[in-house]
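Participant: Using only what follows, build the 3D model:
(2 chains)
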Protein chains: 2
Amino acid sequence: MNIGDSPLLTDLYQLNMMQAYLANGMTGTASFELFVRRLPPGRSFLMAAGLEQAVDWLASFRFSADELAYLEKSGRFDAAMLDHLATLRFEGDVDAMPEGTVFFPHEPILRVTAPLPLAQLLESRLINLIQLQSLVATKAARVMLAAPGKTLVDFGFRRAHGAEAGLMAARAAYVAGFAGTATVLAEMLWGIPIYGTMAHSYVQAHEDESVAFESFARARPDNLTLLIDTYDPEAAARKVVALAPKLARDDIVIRSVRIDSGDLVGLSRRVRAILDAGGCPDIRIFVSGGLEEGQIAAIVESGAPIDGYGVGTALTTSQDQPVLDIVYKLQEYEGVARRKRSAAKQTFPGRKQVWRTRAADGTIAGDVVSLDGETLSGETLLAPVMRGGERVRRDPSLADIRARAAAELAALPKALRDPLHPGPYRVEIGTALHDLTAAVDRRIAAHG
Amino acid sequence: MNIGDSPLLTDLYQLNMMQAYLANGMTGTASFELFVRRLPPGRSFLMAAGLEQAVDWLASFRFSADELAYLEKSGRFDAAMLDHLATLRFEGDVDAMPEGTVFFPHEPILRVTAPLPLAQLLESRLINLIQLQSLVATKAARVMLAAPGKTLVDFGFRRAHGAEAGLMAARAAYVAGFAGTATVLAEMLWGIPIYGTMAHSYVQAHEDESVAFESFARARPDNLTLLIDTYDPEAAARKVVALAPKLARDDIVIRSVRIDSGDLVGLSRRVRAILDAGGCPDIRIFVSGGLEEGQIAAIVESGAPIDGYGVGTALTTSQDQPVLDIVYKLQEYEGVARRKRSAAKQTFPGRKQVWRTRAADGTIAGDVVSLDGETLSGETLLAPVMRGGERVRRDPSLADIRARAAAELAALPKALRDPLHPGPYRVEIGTALHDLTAAVDRRIAAHG
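Facilitator: Predicted structure coming up:
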């Protein structure tokens, strides 16, 4: 069993509610929407990602024999429910924003329409899948804005929260425009380009740094990058200069050096000078080491001669904001709009669409959250993804998703482009949605 | 394939280094140690967890036919390396702190001793496995200290970073003393007790809150908890009071009510008063909703009549500190101690042990990091776990691990017990380790 496929990636209360719904015949059609209630501090926009994994999970949704046996043995559920689960498949509808789309609070990014007990059961894993990739795609987009034109690589598998998190982070960063990742399995699974250099331990395992460089170069001559900060980066840069002509005689080219610690701006300038003076102007400088978009923006601003950045922990954990206030809420049951009114957690009822308008230069100018079925001006962001449990079209390729994400970032207005000073964006709640909200409140009050 | 098992959960540079080591015959025995370089801000101790999953991964370490075919097709590696990988197994040694152990910076929590190319390859996934569970066990331990004697339940699967993260968080929280989790698959996999109530959507799906309560109670009479904050918690509490005698006639007992939003201290007092006045003094009050240890400590301090807490996002993402500065460093190769000296990232060389002393009352009083093989006073924290690739004993049960964690928390000195005001703890570097560090530096300088 691949644990990521399990329908038991859910909270017990979902199964409790399913049992109650089945016992009470409440199996009508429900629509739930996934949305973010507020932007994390410091963020001016979010980028949607993870839809493909969500659809994969729904398309293959089924309880295995082991899972059914476990549920029966637990004694919590009646025979009718266990029979129901044995043949349960996802045969509902999904509408969603394509991956790579920029979105904002209160905008549904995914809607599930299915029988109430099943639609409810899906909540925990759908949030779990969409939150992580959207968090990391957003973080990666911020790094892209901080370092335009630079080679950006995900180095963060090791401190991601588990295997799935590390892999999905690699995918989400690639969606947002990163050149690739260091995580090998991400290439095998999804064809994401992988990058790799050497670690300090390689140098440490040799008694002499020059010997380590040369042995590595001869064993790994392609895309050769040497790590120069195990001891003294400037001394190591001089060793690189001395080694380059020797390797060149065997047609081995040192492509870049990597600096992983210290004052990256100052070191990169001094190393650049040593490389240039030593006849190695084509060796690129790549840096890493606990970097996030704020430091990268400052380094880029300084004009330091750095060609690429490895971004690790801060990216794959979305370290400064590791959580989205993302929820999946019942919006309609049997054709009737529903709403939660708990303190500070109110939602807008009904099935929704998002309309986006653009300025004359193509930058995005404002969104309106409307009721589904209304016609407003602009373009709609949610599109059909599944109907009756089947995909309505082939999943877009990662190349297509990257192209969409790049276009979305290019269309951000100036106020949203500075990763360090988040600006505002106008999201309105449409008139009909306001009216429906008031009507639902009157109906709840009448039953209060 | 369960992706969590893959040996390709690694960075490309690990495979690059393996190729170089194999090409250069550097296949001698290496020791790498996993440790944390500094405490995250606000933390006064850490709790080790995740060892069982690390050992499982090592014990079943092998490249599948698909993985070998992928590596061959990539064209990056020579035939000798592919042949090597085809039969590669982990036949090395592991020493580690048992799960549930409290630890501090610079103390190795796990040591791998194996041929250099393999020991290096393991780095990425070992850090990835140990970091997450240790982060969450530490966070859960802090919640335990904030709310002694309360029922604490993990509610955070949905916002954990993926499936594996959510499951491992459930396990780590249980290790640290939580009563259980809401995540169903955690019970199936590990027998962790699961808890579940109902969601706001269940109430919203009904036109009337009282009808929703009664239908749920009759369908799910065991361990019955009603969620009372979909609309007005006090009005809902009065509905609970009205419903209780009606259900009692059918032997259905309302065990608790849950409040998931609002002013939990004030609401719990008013709801407690309504329940008590209505003849329901045995109904417990359970709260949830974005809670972390600081708020929980304040609520407990207020004396609010709350019996249990669901802790979600803050727990499973270790939201305030989602990252440990955890590393896996080469400490010895072919019997010679090694050391990294990059700026601000220096490590102590050699294979190590940690000795812990206690005060007369049993609280822990200080640690010394020594060279392995020295004899100091106190108890040692690292013990053999694998020898020659085989477990030296059966994995401890989760019950044993929980007992150890509970004893560790009970033995924390007063300075470390306040989750909001972290106190200091004495960790010394032993004399022999200092001497070795100086000797390694002299050796490196001689080759500089």
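
Participant: and stretch A:37-55, how far from the chain's centre?
Facilitator: Relative to its chain's centre, stretch A:37-55 lies at 7 Å (Cα atoms, centre = their mean, to the nearest Å).

Participant: Oops, could you answer that again for stretch A:99-106 instead?
Facilitator: Between the mean C-alpha location of stretch A:99-106 and the chain-wide mean there is a distance of 11 Å, by Cα atoms, centre = their mean.

Participant: Same check on stretch A:168-176?
Facilitator: Worked out by Cα atoms, centre = their mean, stretch A:168-176 lies 6 Å from the chain centre.

Participant: ok, residues contacting it?
Facilitator: For stretch A:168-176, the external contacting residues (Cβ atoms under 8 Å, 6 or more residues apart in numbering or on different chains) are A:47, A:49-50, A:53, A:99-100, A:129, A:132-141, A:144, A:152, A:154, A:156-157, A:160, A:180-181, A:183, A:186, A:190, A:192-193, A:311, A:315-316, A:398, A:401-402, A:405, A:409, B:161-162. For glycine as for every other residue, the C-beta is placed from the backbone atoms N, C-alpha and C.

Participant: from the stretch 151-300 of chain A, which residue is nearest to chain B?
Facilitator: Closest to chain B within the stretch 151-300 of chain A is residue A:196: 2.7 Å, counting by Cβ to the nearest Cβ.

Participant: for the record, mean pLDDT for stretch A:324-339?
Facilitator: For stretch A:324-339, mean pLDDT is 92.

Participant: I meant stretch A:16-33, not that one.
Facilitator: Stretch A:16-33 shows a mean pLDDT of 96.

Participant: buried sites along that stretch?
Facilitator: By 16 or more other Cβ atoms under 10 Å in any protein chain shown, the buried positions in stretch A:16-33 come out as A:16-24, A:26, A:30-33.

Participant: Out of those, just show me the ones up against chain B, please.
Facilitator: Contacts with chain B within those, counted by Cβ under 8 Å from any Cβ of the partner chain: A:16, A:17, A:19, A:20, A:21, A:23, A:24, A:26, A:30, A:32.

Participant: And the buried residues of stretch A:16-33, which two are furthest apart?
Facilitator: Maximum pairwise distance in these, criterion Cβ to Cβ, is 26.2 Å, between A:23 and A:33.

Participant: where does the stretch 201-350 of chain A have low pLDDT?
Facilitator: A:341-345 (pLDDT under 70).

Participant: in it, which spans are strands?
Facilitator: Secondary structure of the stretch 201-350 of chain A by DSSP state E, counting those that start in this stretch: the strands cover A:224-227, A:254-259, A:284-287, A:308-311, A:326-333, A:336-337.

Participant: picking up where we left off before, give the contact list for the residue of the stretch 151-300 of chain A closest to chain B.
Facilitator: Going by Cβ under 8 Å, 6+ apart, residue A:196 touches A:182, B:11, B:12, B:13, B:14, B:15, B:16.

Participant: Make a markdown table out of the residues you listed and add secondary structure.
Facilitator: Shown next, in a markdown table, are those (DSSP: H, G, I helix; E, B strand; the rest coil):
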| residue | secondary structure |
| --- | --- |
| A:182 | coil |
| B:11 | strand |
| B:12 | helix |
| B:13 | helix |
| B:14 | helix |
| B:15 | helix |
| B:16 | helix |
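
Participant: Find the centremost residue of chain A, please.
Facilitator: In chain A, the residue lying closest to the centroid (Cα atoms, centre = their mean) is residue A:133, at 2.3 Å.

Participant: hmm, the helix or strand that residue falls within in reach of chain B?
Facilitator: Assigned by DSSP states H and E, residue A:133 belongs to helix A:123-146. Yes. Judged by Cβ under 8 Å from any Cβ, helix A:123-146 and chain B are in contact via A:123, A:124, A:125, A:127, A:128, A:129, A:131, A:132.

Participant: circling back: want to try JSON lines for the buried residues of stretch A:16-33, with secondary structure as columns?
Facilitator: Listed next are the buried residues of stretch A:16-33 as JSON lines, based on three-state DSSP:
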{"residue": "A:16", "secondary structure": "helix"}
{"residue": "A:17", "secondary structure": "helix"}
{"residue": "A:18", "secondary structure": "helix"}
{"residue": "A:19", "secondary structure": "helix"}
{"residue": "A:20", "secondary structure": "helix"}
{"residue": "A:21", "secondary structure": "helix"}
{"residue": "A:22", "secondary structure": "helix"}
{"residue": "A:23", "secondary structure": "helix"}
{"residue": "A:24", "secondary structure": "coil"}
{"residue": "A:26", "secondary structure": "coil"}
{"residue": "A:30", "secondary structure": "strand"}
{"residue": "A:31", "secondary structure": "strand"}
{"residue": "A:32", "secondary structure": "strand"}
{"residue": "A:33", "secondary structure": "strand"}
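
Participant: Report how many residues lie close to the closest residue to residue A:351 other than its chain neighbours.
Facilitator: Of all residues not flanking residue A:351 in the chain, residue A:372 sits nearest, at 4.1 Å (Cβ to Cβ, 6 or more residues apart in numbering or on different chains). Neighbourhood size, residue A:372 [other Cβ atoms under 10 Å in any protein chain shown]: 18.

Participant: that older thread, if we take the ones next to chain B among the buried residues of stretch A:16-33, which one ends up nearest to residue B:355?
Facilitator: Residue B:355 lies nearest to residue A:16 out of these, by Cβ to Cβ, at 49.4 Å.

Participant: Would you mind listing what in the stretch 1-150 of chain A touches chain B?
Facilitator: By Cβ under 8 Å from any Cβ, the residues of the stretch 1-150 of chain A that approach chain B are A:1-4, A:6, A:8-17, A:19-21, A:23-24, A:26, A:30, A:32, A:66-67, A:70, A:74, A:76, A:116, A:120, A:123-125, A:127-129, A:131-132.

Participant: now with 7 Å?
Facilitator: Neighbours of chain B within the stretch 1-150 of chain A, by Cβ under 7 Å from any Cβ of the partner chain: A:1-4, A:6, A:8-13, A:15-17, A:19-20, A:23-24, A:26, A:67, A:70, A:116, A:120, A:124, A:127-128, A:131-132.

Participant: Buried subset of the residues you listed as a ChimeraX selection?
Facilitator: Typed into ChimeraX, the line below selects the buried ones among the residues of the stretch 1-150 of chain A next to chain B, using 16+ other Cβ under 10 Å:
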select /A:3,4,6,8,9,10,11,12,13,15,16,17,19,20,23,24,26,67,70,116,120,124,127,128,131,132
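
Participant: starting at the chain centroid, how far to the host helix or strand of residue A:164?
Facilitator: In this structure, residue A:164 sits in helix A:163-176 according to DSSP H and E. Relative to its parent chain, helix A:163-176 has a centroid offset of 6 Å by Cα atoms, centre = their mean.

Participant: Could you tell me the angle between that helix and helix A:123-146?
Facilitator: Here helix A:163-176 runs at an angle of 40 degrees relative to helix A:123-146 (axes from the mean of the first three to the mean of the last three Cα atoms, to 10 degrees).

Participant: Check which element follows helix A:163-176 along the chain.
Facilitator: Sequence order places strand A:180-181 as the next helix or strand after helix A:163-176, per DSSP H and E.

Participant: Pull out the CA atoms of whichever helix or strand comes after that next one and give them to me as PDB.
Facilitator: Per DSSP H and E, strand A:180-181 leads on to helix A:184-190 as the next helix or strand towards the C-terminus. As requested, the backbone C-alpha atoms of helix A:184-190 are provided in PDB (Å, rounded to 0.1, in the frame of the first residue of the first chain):
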ATOM      1  CA  VAL A 184      16.300  12.300  -7.300                       C
ATOM      2  CA  LEU A 185      12.900  10.600  -6.900                       C
ATOM      3  CA  ALA A 186      11.200  13.800  -8.300                       C
ATOM      4  CA  GLU A 187      12.900  13.200 -11.600                       C
ATOM      5  CA  MET A 188      11.900   9.600 -11.700                       C
ATOM      6  CA  LEU A 189       8.300  10.300 -10.800                       C
ATOM      7  CA  TRP A 190       7.700  13.500 -12.700                       C
END
